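Engineer: I'd like to go over a predicted model; first the sequence, then the structure.
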Amino acid sequence: MLRPATDTDGAPFWEYAARGELRVQACADCGEPRFPPRPCCPHCQSFASEWRPTSGRGRIWSYVVPHPPLLPDYAAQAPYNVVVVELDDAPRVRMVGNVVSGAGAPLDSLPPDRIRIGARVQAVFADGLPQWVLERP
Amino acid sequence: MAGLRGIKDATAIVGIGQTPFAKRLGEDEKTLACRAVLAALDDAGIAPGEVDALASFTMEETDEVELAKAVGLGDLTFFSKVGYGGGGSCATVAHLAAAIASGQATVGVAWRSRKRGSGPRPWTNTTVQLPTPAQWTRPFGLLRPADEIAMLTRRYMHEYGATRDHLFNVALACRNRANQNPAAVMYDRPLTREMYMTSRWISEPLCLFDNCLETDGALACVVVSSERARDCRRTPVYVHSAAQGLPAQHHGMVNYWNDDPLTGPAWTAARHLWKHADLTPEDVDVAQIYDAFTALIPLSLEGYGFCGRGEGGAFTEQGALEIGGRLPINTGGGGLSEAYVHGFNLITEGVKQLRGTSTAQVPGAATCLVTAGEGVPTSALLLTNRS
Ligand SMILES: [Zn+2]
């Protein structure tokens, strides 16, 4: 499986994720959240930022179900779902991830037909990566 | 704009060239590039030694030095490469038009050579994944361009009620035109609704026929001033208007992180294109719209102003994209059914339409829109055969 190839801007996200926290970068001056992380605020141009905790709750904004040809580790689990989740705390912050049956479960642990746009999900963590579970399984 | 002449009708495409298109060609990319460029210059009746400008894609593997010394170009005073894959196709011509109109060069060649059919799929190279934005997508199995665009497609279908039949209308129009074009990879392979609806998935909601071909091939075109074009051997195809587009807060293929992910670079390019044109979308007789994926067509139809927001799916109904329809598109078969060479075949097909030499000619076509990839920083050309 591919691990995040992180950079200076993204590293704090993954450090918090390793501790089981879903945080988003926000401007320390004007307060606007931004994603993906970047060096300065596109609203007020401030270089001061903070990593704001979130509730980890959101709704599925869209999803796909990839089929082979895929990289071998992913092909072995295909078809699986990939979702974009819109966070309750910051609607423009949309996270790509997978809805699974429980923390640490494989990508194909939930039948794709259980996924619906608008469904409520909650972040869980396994192996330093956020995953998502349905609030009403 | 006061005081600026701009590029309107200042330049014209006077030569086009292409190699055969196939899943596998024997020659390498550099050789194919040379063949396409020489064919375009021959078509124009211009000697290689007269060329003083080049433009291509940052993803092009043959650089200016190699091409120029192989085919015997003259002293170059302008050379430019455009990024973002298929978003750069029309910008190569736009850069040459700007250079020639501003006096930086006199004879420009744009080209693209690619062995995407027999070469590797770019997404399989995991060592070159960019930290941003791939760190936010690839670990979760969003691996390929098809997956990234399928995500926007699902949302588009959800918000506006677009259906797989709308996407099929796009695939069918391109295939029908390819069936008229002996150079097309899919020339002898008709498509039916049954084939489309029962084909294998690539990334739901996109199936096999929603994805472009994987092709080996190369193309080129020659751009000169309109004054000189009138002395060339072919009907000049004027660059009436040209634009690039990178919208504020756009994220490329994974444009999920702004207020309105379903409006993309097409909207930005279109505003500039029409602002600098004497024409409107109603004046377009035929369009060549970048089609790496069927879903890019309804988005582009909206972006370039052929219909309203969310109406791109419905626009495809009742044969609108076929010859004789409201807006015939991709009349050589496009990336879906002629060849996928990062959209360069859409430029050359636009030229053929305005010369009256397409294998699926729109009668009396005088104005053609050509677009580069929607969903990435893009570009577009408005071509005419009247100056
Ligand atoms: Zn700020």
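Structural biologist: That came in fine, so what should we check first? Residues are numbered from 1 along each chain as shown, chains lettered A, B, ... in the order given.

Engineer: show me what the lengthiest strand in chain A is packed up against.
Structural biologist: Secondary structure of chain A read by DSSP state E shows that its longest strand is strand A:57-66. Using 3 or more Cβ pairs under 8 Å, 6 or more residues apart in numbering or on different chains; DSSP states H and E, the elements in contact with strand A:57-66 are strand A:82-87, strand A:120-126, helix B:145-160, strand B:201-204. In short, each C-beta sits where N, CA and C put it, glycine included.

Engineer: same question for the shortest one, mean pLDDT?
Structural biologist: Predicted confidence along strand B:201-204 averages 98 (mean pLDDT).

Engineer: could I get it in PDB with only the CA atoms?
Structural biologist: Provided in PDB are the C-alpha atoms of strand B:201-204 (Å, rounded to 0.1, in the frame of the first residue of the first chain):
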ATOM      1  CA  TRP B 201     -16.000  -0.700 -15.100                       C
ATOM      2  CA  ILE B 202     -12.800   1.300 -14.800                       C
ATOM      3  CA  SER B 203     -13.800   3.500 -11.900                       C
ATOM      4  CA  GLU B 204     -17.600   3.600 -11.300                       C
END
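
Engineer: all helices for chain A, in order.
Structural biologist: Secondary structure of chain A (DSSP state H): helices at A:11-18, A:72-75.

Engineer: now the helices and strands packed on strand A:57-66 as TSV including distance to the ion?
Structural biologist: Putting those into TSV (distance: least, Cβ to the ion, whole Å) gives the following:
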stretch	distance to the ion
strand A:82-87	18
strand A:120-126	25
helix B:145-160	28
strand B:201-204	36
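
Engineer: export the ones you listed to a markdown table and tack on mean neighbour count?
Structural biologist: Below are the helices and strands packed on strand A:57-66 laid out as a markdown table (neighbours: other Cβ atoms under 10 Å in any protein chain shown):
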| stretch | mean neighbour count |
| --- | --- |
| strand A:82-87 | 24 |
| strand A:120-126 | 18 |
| helix B:145-160 | 23 |
| strand B:201-204 | 23 |
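
Engineer: re the thing from before, B:Ser113 is nearest to which of the helices of chain A?
Structural biologist: helix A:72-75 (30.6 Å; Cβ to Cβ).

Engineer: just give me the residue right at the centre of chain A.
Structural biologist: A:Met95 (3.5 Å; Cα atoms, centre = their mean).

Engineer: show me what contacts it?
Structural biologist: For A:Met95, the contact set (Cβ atoms under 8 Å, 6 or more residues apart in numbering or on different chains) comprises A:22, A:35, A:58, A:84-85, A:87, A:130, B:136.

Engineer: who wins for proximity to B:Val254 among the helices and strands packed on strand A:57-66?
Structural biologist: Comparing the helices and strands packed on strand A:57-66 by Cβ to Cβ, helix B:145-160 comes nearest, at 5.3 Å.

Engineer: can that closest one be found next to chain A?
Structural biologist: Yes: Helix B:145-160 is in contact with chain A by Cβ under 8 Å from any Cβ of the partner chain, via B:147, B:150-152, B:154-155, B:158.

Engineer: just want the angle from that helix to strand A:57-66.
Structural biologist: Counting by axes from the mean of the first three to the mean of the last three Cα atoms, to 10 degrees, helix B:145-160 lies at 120 degrees to strand A:57-66.

Engineer: give me the contacts around helix B:145-160.
Structural biologist: For helix B:145-160, using Cβ under 8 Å, 6+ apart, the contacting residues are A:61-64, A:66, A:82, A:84, A:117, B:123, B:137, B:141-142, B:162-163, B:167, B:202-206, B:210-211, B:253-256, B:261-262, B:292-293, B:295-296, B:298-299, B:310-313, B:375.

Engineer: hey, C-alpha coordinates of stretch B:240-250 in PDB?
Structural biologist: Taking Å, rounded to 0.1, in the frame of the first residue of the first chain, the C-alpha atoms of stretch B:240-250 are listed here in PDB:
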ATOM      1  CA  HIS B 240      -9.200  34.400 -34.000                       C
ATOM      2  CA  SER B 241      -8.900  34.100 -30.200                       C
ATOM      3  CA  ALA B 242      -6.900  32.100 -27.800                       C
ATOM      4  CA  ALA B 243      -6.800  31.700 -24.000                       C
ATOM      5  CA  GLN B 244      -5.300  29.800 -21.100                       C
ATOM      6  CA  GLY B 245      -7.200  29.200 -17.900                       C
ATOM      7  CA  LEU B 246      -6.100  28.500 -14.300                       C
ATOM      8  CA  PRO B 247      -9.000  29.600 -12.000                       C
ATOM      9  CA  ALA B 248      -8.400  31.000  -8.500                       C
ATOM     10  CA  GLN B 249      -8.100  28.200  -6.000                       C
ATOM     11  CA  HIS B 250      -8.100  25.400  -8.600                       C
END
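
Engineer: next one: it to chain centre, how far?
Structural biologist: Taking Cα atoms, centre = their mean, to the nearest Å, the mean C-alpha location of stretch B:240-250 is offset from the chain mean by 14 Å.

Engineer: who's in contact with it?
Structural biologist: In contact with stretch B:240-250 (Cβ under 8 Å, 6+ apart) are residues A:42, B:7-9, B:82, B:90-91, B:93-94, B:97-98, B:257-259, B:263-270, B:272-274, B:276-279, B:367, B:377-384.

Engineer: doesn't A:Val64 make contact with A:Ile117?
Structural biologist: No: the pair A:Ile117 and A:Val64 fails to qualify as a contact (Cβ atoms under 8 Å) at a distance of 11.6 Å.

Engineer: all strands for the chain, in order.
Structural biologist: The chain I'm using is chain A. A:23-27, A:49-53, A:57-66, A:82-87, A:94-97, A:120-126, A:129-134.

Engineer: hmm, no, I was thinking of chain B.
Structural biologist: B:11-18, B:53-57, B:78-82, B:107-115, B:201-204, B:206-207, B:216-225, B:237-245, B:286-288, B:367-371, B:378-384.

Engineer: can I get these in TSV with distance to B:Gln361?
Structural biologist: Output for the strands of chain B, formatted as TSV (distance: least, Cβ to Cβ, whole Å):
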stretch	distance to B:Gln361
strand B:11-18	15
strand B:53-57	28
strand B:78-82	30
strand B:107-115	24
strand B:201-204	33
strand B:206-207	31
strand B:216-225	19
strand B:237-245	14
strand B:286-288	9
strand B:367-371	12
strand B:378-384	15
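
Engineer: quick one: closest of those strands to B:Asn179.
Structural biologist: strand B:286-288 (17.2 Å).

Engineer: my read: B:Val107 touches B:Gly45, true?
Structural biologist: No: here B:Val107 lies out of contact with B:Gly45, judged by Cβ under 8 Å, at a distance of 11.4 Å.

Engineer: B:Ala70 versus the closest residue to B:Met195 other than its chain neighbours, what's the distance?
Structural biologist: Nearest residue to B:Met195, sequence neighbours excluded (Cβ to Cβ, 6 or more residues apart in numbering or on different chains): B:Phe209, at 7.2 Å. Relative to B:Ala70, B:Phe209 is positioned 38 Å away (Cβ to Cβ, to the nearest Å).

Engineer: those two: which has the busier surroundings?
Structural biologist: Each of B:Phe209 and B:Ala70 has its neighbours counted (other Cβ atoms under 10 Å in any protein chain shown); B:Phe209 has more, 22 against 16.
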